[in-house]
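Colleague: Structural data only, the sequence is not supplied:
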């Protein structure tokens, strides 16, 4: 059973006591059905056009990920360049992680705005802001302006929120699998290419040329999106009209009834309800907070590694910027292997646990791989730190990145599928809460590691981080054991079927 909305987003249509519909409502319904006919329904668009849209969305996701990661290998050089030769490790770290601060705030506005004004307007406005922020990044003359523009660029990222929503608008559930796979895989490719190409270009031409490549990609992406993308979002009242029209068309009728659309005040109230709902869900669910903490710390370790990797490779091992960029590929390979393994095993493990529970389904059955990830992450962090401290062969450093990528994928995929299963109709808002908490921790916690490593060195510093991660390893075990009981404390959580 899923607990319903406390207040519907649409007002119910009033019907006279005699049961006959009002003439004004009938007239409105007829106008709505005429204005929003089946040809306007994204579900009815030609398959070829849908895949053109999916390709454009994938390219946008590639551009966003490439822009985020391409300057990672050269962050220290950028800060020295804009700081007139002075190094500032905290600024170098913030230059990379502040992107996540923008991404934490963006979904809180982009998602409800897209449900108020439509996907097309919000997507294009966000992309234009993304383009402008990248131009300002390339023209930055000081570190403060550069960091600010990186935060704005992260804020303007709409693909994380709107790409899955647009796919859901265009495709019926049984057709979404391939499209979602493309949307997920393309950014992974960009996460490998971004640092590699960014490091090579920065090594030969300078870091500003890397940012201008981002600007060029954003332009190439935005022009066809602006020209060819159509509005995919239909408010629930319009979806009802289209459903009624399809039904009437099948029956040989030409008219249908449509619920009234909300007025401006109702739409604005709905916008704010949607904007604050992720925080409401996060505050009401101890299970979500616990899993968010575990997943967010894994995400933090990714940023800790990518902000320390250039120092280790260039100062300890004497590697160039180009070599530093290519080393990031190992994390992507680990993530790819983890994703493939999850696709093969997640559902099988779930079915096996369900069958062992007399056929009763529980969201907690999604968490076995999270337990594996909770053990793998501290092991990867420990190996990473002592490899640098003892100057071990580079193969061990690459293996640690591979293990970290795989382990964080195990944890992340398990948490995401758990949220979808446990929160039902509220899963989108719950996921927004996960993203916000993850992004805030990813933006600021890596700053703490700078004095920690300076004081303790790589070996003992990363041992401390590994122990912090290991202390959270029991969380997925506890949620698997007691989560069904703990979920009852939140009104947003799906109730068990037993």
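Modeller: Arrived safely, thanks for sending. The structure presented is a predicted model; accordingly, all values stated were derived computationally and were not measured.

Colleague: hey, let's count contacts and neighbours off CA atoms from now on
Modeller: Noted.

Colleague: Next, give phi and psi for residue 232.
Modeller: Note on residue 232: its backbone torsions stand at phi -100, psi -20 [degrees, to the nearest 10].

Colleague: got the contact list for residue 403?
Modeller: Counting by C-alpha atoms under 8 Å, 6 or more residues apart in numbering, residue 403 makes contact with 331, 334, 376-377, 380.

Colleague: change it to 10 Å
Modeller: 330-331, 333-335, 337-338, 373, 376-381, 383-384, 397, 409 (C-alpha atoms under 10 Å, 6 or more residues apart in numbering).

Colleague: Grab the most central residue of the chain for me.
Modeller: The centroid of the chain falls nearest to residue 160 when counting by C-alpha atoms, centre = their mean (4.5 Å).

Colleague: Retrieve the pLDDT associated with that one.
Modeller: The per-residue pLDDT reported for residue 160 equals 70.

Colleague: right, and it touches residue 126 too?
Modeller: No: using C-alpha atoms under 10 Å, residue 160 is not in contact with residue 126; the gap is 11.8 Å.

Colleague: which non-adjacent residue is nearest residue 288?
Modeller: Nearest residue to residue 288 in three dimensions, chain neighbours excluded: residue 282, at 6.3 Å (C-alpha to C-alpha, 6 or more residues apart in numbering).

Colleague: again but with residue 330, I slipped
Modeller: Closest to residue 330 by C-alpha to C-alpha, 6+ apart is residue 402, at 5.2 Å.

Colleague: shouldn't that neighbour be in contact with residue 333?
Modeller: Yes: here residue 402 lies in contact with residue 333, judged by C-alpha under 10 Å, at a distance of 6.4 Å.

Colleague: what number of residues lie near residue 449?
Modeller: Neighbour count for residue 449, taken as other C-alpha atoms under 10 Å: 20.

Colleague: Which of the helices or strands spans it?
Modeller: Element membership for residue 449, per DSSP states H and E: helix 427-471.

Colleague: Could you give the separation of that helix from the chain centroid?
Modeller: How far helix 427-471 lies from its chain's middle: 18 Å, per C-alpha atoms, centre = their mean, to the nearest Å.

Colleague: ok, now stretch 157-171?
Modeller: Relative to its chain's centre, stretch 157-171 lies at 11 Å (C-alpha atoms, centre = their mean).

Colleague: before we move on, back to that, what is in contact with residue 160 and residue 126 at once?
Modeller: With contacts defined as C-alpha under 10 Å, 6+ apart, the residues shared by residue 160 and residue 126 are 106, 110.

Colleague: so residue 326 is in which element?
Modeller: If you go by DSSP H and E, residue 326 is part of helix 321-327.

Colleague: Counting by contacts, list what that helix packs against.
Modeller: helix 176-204, helix 286-311, helix 394-423 (3 or more C-alpha pairs under 10 Å, 6 or more residues apart in numbering; DSSP states H and E).

Colleague: pLDDT averaged over the shortest one - what is it?
Modeller: It refers to helix 286-311. Average pLDDT, helix 286-311: 89.

Colleague: returning to that earlier point: can you give the contact residues for the helix holding residue 326?
Modeller: Helix 321-327 is contacted from outside by 69-74, 77, 192-204, 306, 309-314, 318, 394, 397-398, 401, using C-alpha under 10 Å, 6+ apart.

Colleague: Repeat the analysis, applying 7 Å as the threshold.
Modeller: For helix 321-327, the surrounding residues in contact (C-alpha atoms under 7 Å, 6 or more residues apart in numbering) are 73-74, 195-196, 198-200, 203, 310, 313.

Colleague: moving C-terminal of it, what's the next helix or strand?
Modeller: For helix 321-327, the following helix or strand on the C-terminal side (DSSP H and E) is helix 329-356.

Colleague: can you give me the offset of the helix or strand just after that following helix from its chain's centre?
Modeller: Using DSSP H and E, the helix or strand that follows helix 329-356 in sequence is helix 368-390. Centroid separation for helix 368-390 versus its chain: 23 Å, with C-alpha atoms, centre = their mean.

Colleague: Quick one: list the elements packing against helix 368-390.
Modeller: Counting contacts by 3 or more C-alpha pairs under 7 Å, 6 or more residues apart in numbering; DSSP states H and E, helix 368-390 packs against helix 394-423, helix 427-471, helix 474-486.

Colleague: Quick one: closest of those helices to residue 134.
Modeller: Nearest of the helices and strands packed on helix 368-390 to residue 134, taken as C-alpha to C-alpha: helix 427-471 at 19.0 Å.

Colleague: per-residue confidence averaged over that closest one?
Modeller: 88.

Colleague: Give me the angle between it and helix 286-311.
Modeller: Interaxial angle, helix 427-471 versus helix 286-311 (axes from the mean of the first three to the mean of the last three C-alpha atoms, to 10 degrees): 60 degrees.

Colleague: related to what we said a few turns ago, for the contacts of helix 321-327, could you give me CSV that also reports distance to residue 116 and neighbour count?
Modeller: Formatted as CSV, those follow (distance: C-alpha to C-alpha, whole Å; neighbours: other C-alpha atoms under 10 Å):
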residue, distance to residue 116, neighbour count
73, 40, 37
74, 40, 25
195, 37, 30
196, 40, 25
198, 38, 30
199, 41, 28
200, 43, 24
203, 45, 17
310, 43, 25
313, 48, 20
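
Colleague: got a list of contacts for stretch 222-235?
Modeller: Here stretch 222-235 makes contact (C-alpha under 7 Å, 6+ apart) with 42, 53, 56, 118-120, 124, 127, 166, 169-170.

Colleague: and the two most separated of the residues you listed?
Modeller: For the contacts of stretch 222-235, the maximum inter-member distance is 21.7 Å, found between 42 and 127 (C-alpha to C-alpha).

Colleague: higher neighbour count, those two?
Modeller: With neighbours defined as other C-alpha under 10 Å, residue 42 and residue 127 compare such that residue 127 has more, 24 against 21.

Colleague: rewinding a little: between the helices and strands packed on helix 321-327, which one is closest to residue 217.
Modeller: Among these, helix 176-204 comes nearest to residue 217, with 12.0 Å by C-alpha to C-alpha.

Colleague: What residues sit buried inside the next helix or strand after the closest one?
Modeller: Next along the chain after helix 176-204, taking DSSP H and E as the criterion, comes helix 207-228. By neighbour count with 16 or more other C-alpha atoms under 10 Å, helix 207-228 contains the buried residues 207-208, 210-215, 217-219, 221-222, 225-226.

Colleague: which SS state does residue 157 fall under?
Modeller: Following DSSP: H, G, I helix; E, B strand; the rest coil, the label given to residue 157 is coil.

Colleague: Can you check the pLDDT for it?
Modeller: Residue-level pLDDT assigned to residue 157 equals 85.

Colleague: Need phi/psi at it.
Modeller: Phi and psi for residue 157, reported as degrees, to the nearest 10, are phi -70, psi 110.

Colleague: Determine the number of other residues adjacent to it.
Modeller: Neighbours of residue 157 (other C-alpha under 10 Å): 25.
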